[in-house]
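> Test case, fold it:
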Amino acid sequence: MTDWSQLKHAYGTAEDVPGLLAKVSQAPNDADWTELWSRLCHQGTVYSASHAALPALRDMARQWSPADRQQPLLLAGAIAASTDQPYGEQDPHVAYASEMSDLLQLTEEALRDPSLSDDPGTYVYLLAALLGFEDVPVWGEQLDGLNDDEYEVPCPACSAENFIAFGEYGFFSTTDGMYMNETAAKKIPLQPADSSVLEGLAQKLHSRALADNQADVAGKLLYLFGEAQCAECDAVFSVADAVATRWDG
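Numbers count the residues shown, from 1 in each chain. Predicted structure coming up:
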């Protein structure tokens with residue numbers, strides 16, 4: 001039996017967590033989910049109570065259909081992927097190995113749900129959760145940049161901050177943070193990866209997105225795993241490598 005009074009969340013003792021876990025519903029806009037997120041994964045930081053909540057989140061996801069289990073999976077995935085653990089807790093992939101395995105399978109089912117065909121944003125969040133359960137460095141936390149249509153990374157050659165845009169404003173690199181304005185400074189077209197030569201994680205994610213009928217996500221992944229040219233010094237660099245270098249802690 002978990003003694004929640006001995007555990008901590010973002011605001012102190014975790015005695016209120018069991019009540020919140022019991023109250024949340026399948027509705028994604030349920031305010032109790034916001035309360036849980038703020039306590040257990042506050043701005044990406046996790047606490048002793050965060051890991052202790054993983055079994056309950058797994059059980060919740062088990063009880064709900066693939067279309068309804070998104071909230072427990074997304075919160076559990078964020079907890080699993082977090083590298084910001086001020087209490088120095090044991091690696092949850094070791095301490096909660098059984099739960100991680102179950103959550104992985106539950107997320108696999110959710111990703112294949114037809115209802116996501118018109119919701120690429122949630123698909124990306126669930127894909128990031130999957131990577132969190134698989135203990136893939138960086139991308140469990142950073143894959144959601146696909147939903148922002150942007151990554152901000154330093155040039156590996158000159159350290160200038162480059163905005164890598166791949167969305168409604170175009171597909172380019174620039175050092176102008178106001179690139180959405182027509183008066184934006186220099187923009188250099190991105191070079192997407194060739195899907196036929198992808199390998200490793202890039203190939204896995206791209207093939208999966210296509211198999212799940214997520215063509216828009218698959219297209220963005222080609223830019224994520226493609227190359228950009230620094231708008232300051234013109235050096236060419238891998239976008240994914242630059243993201244990993246910035247966030248691999």
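
> all contacts plus neighbour counts: C-alpha atoms, from now on.
Noted.

> just checking, Tyr179 touches Ser173?
No - the criterion here is CA atoms under 8 Å, and Tyr179 misses it with Ser173 at 9.4 Å.

> between those two, who's got more neighbours?
Set side by side, Tyr179 and Ser173 show more neighbours around Ser173, with 28 against 19, by other CA atoms under 10 Å.

> partner residues bridging that one?
Ile164, Ile188 (DSSP bridges).

> so what's it up against?
By CA atoms under 8 Å, 6 or more residues apart in numbering, Ser173 lies in contact with 162-165, 187-190, 228-231.

> quick one: which of the residues you listed is most hemmed in?
Ala228 (30 neighbours).

> That one should be in a strand, yeah?
Yes - counting by DSSP: H, G, I helix; E, B strand; the rest coil, one finds Ala228 located in a strand.

> ok, for it, nearest residue in space, not its chain neighbours?
Leu190 (5.0 Å; CA to CA, 6 or more residues apart in numbering).

> Was I right to think the one you found contacts Phe172?
Yes - in this structure Leu190 lies within contact range of Phe172 using CA under 8 Å: 4.8 Å.

> and for those two, which residues touch both?
Joint contacts of Leu190 and Phe172 (CA under 8 Å, 6+ apart) are Ala228.

> residues in contact with Ala157?
Contacts of Ala157 by CA under 8 Å, 6+ apart are 233, 235.

> Name the SS class of it, please.
coil.

> and what of Phe237?
strand.

> pretty sure it contacts Pro154?
No - look at Phe237 against Pro154 with CA under 8 Å: they stay out of range, at 10.2 Å.

> so where's the chain uncertain?
Low-confidence segments of the chain (pLDDT under 70): 86-89, 183-184, 249.

> How is it divided into domains?
4-137, 145-247 (automatic domain parsing).

> Distance from the chain centre to the shortest one, please.
Relative to the centre of its chain, domain 145-247 is centred 16 Å away, using CA atoms, centre = their mean, to the nearest Å.

> and if you look at stretch 120-131?
Computed by CA atoms, centre = their mean, the separation of stretch 120-131 from the middle of its chain amounts to 6 Å.

> which residues make contact with that stretch from outside it?
Applying CA under 8 Å, 6+ apart, the set of residues contacting stretch 120-131 is 70, 73-74, 76-78, 81, 104, 107-108, 110-111, 116, 139-144, 146-147, 214, 216-217.

> What ranges does this structure have for its helices?
17-23, 31-40, 48-52, 54-63, 70-81, 92-95, 97-111, 120-133, 139-142, 145-148, 200-211, 215-224, 239-247 (DSSP state H).

> I am finished for the moment; much appreciated.
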